[in-house]
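Engineer: return atomic coordinates for the entry below.
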Amino acid sequence: MKKLNLKILWLGLGITYIIAMFYFSLRYEKPGKPPFEHFDKILHFNAYLLLMGYFSLTHEKKNHFKLLITFVLMGISIEFLQLASGYRSFELLDVVANTAGLICGGIISRTYFPNLITKLDSLLYVDNT
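Structural biologist: Residues are numbered from 1 along each chain as shown. Below is the predicted model:
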């Protein structure tokens, strides 16, 4: 992780987001009619874009490729867990949407917001010593 004063807060937020992703990916849900075909791929793309974008901001640049691989494997694992659930299915297009979101999230955060979390951290941190 980057040198942050509120490291536990930032890590906790990231882990909470990952738990939410697992929950929403694996919960039982009655099939509904999406607004249009492949609408869920947009949701996958955006969820993983935010995931990689966030963790790219909290971790050093040298670790971004490891994060990318970890999150690609996480997305594939969720797809297999959905298959094993009996009420969800494995979809290769979901893996493609997840991976595209991860790549875009990493690029966008590194290009446009590289110091966002560091600046927020310094604004929120109060040294009481």
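
Engineer: going by C-alpha atoms from here, please, whenever you check contacts or count neighbours.
Structural biologist: Fine.

Engineer: and the strands in this structure, which stretches?
Structural biologist: Per DSSP state E, the chain has no strands. Nothing in it meets that criterion.

Engineer: check contacts around the residue lying closest to residue 46 once chain neighbours are set aside.
Structural biologist: Once flanking residues are discounted, residue 46 sits nearest to residue 101: 6.1 Å by C-alpha to C-alpha, 6 or more residues apart in numbering. Residues counted as contacts of residue 101 (C-alpha atoms under 8 Å, 6 or more residues apart in numbering) are 44-50, 52.

Engineer: what's the closest of those residues to residue 82?
Structural biologist: Nearest to residue 82, judged by C-alpha to C-alpha, of those is residue 44 at 14.1 Å.

Engineer: what's the spacing between the closest one and residue 24?
Structural biologist: Per C-alpha to C-alpha, to the nearest Å, residue 44 is found 11 Å from residue 24.

Engineer: could you check which of the two is surrounded by more residues?
Structural biologist: The neighbour count for residue 44 versus residue 24, taken as other C-alpha atoms under 10 Å, is higher for residue 44 (23 against 10).

Engineer: would you quantify the distance from that one to residue 26?
Structural biologist: Separation of residue 44 from residue 26 (C-alpha to C-alpha): 13 Å.

Engineer: residue 102 now?
Structural biologist: Applying C-alpha to C-alpha, the value for residue 102 to residue 26 is 20 Å.

Engineer: and these two? Which one has more around it.
Structural biologist: Using other C-alpha under 10 Å as the criterion, residue 102 and residue 26 rank with residue 102 on top: 28 against 17.
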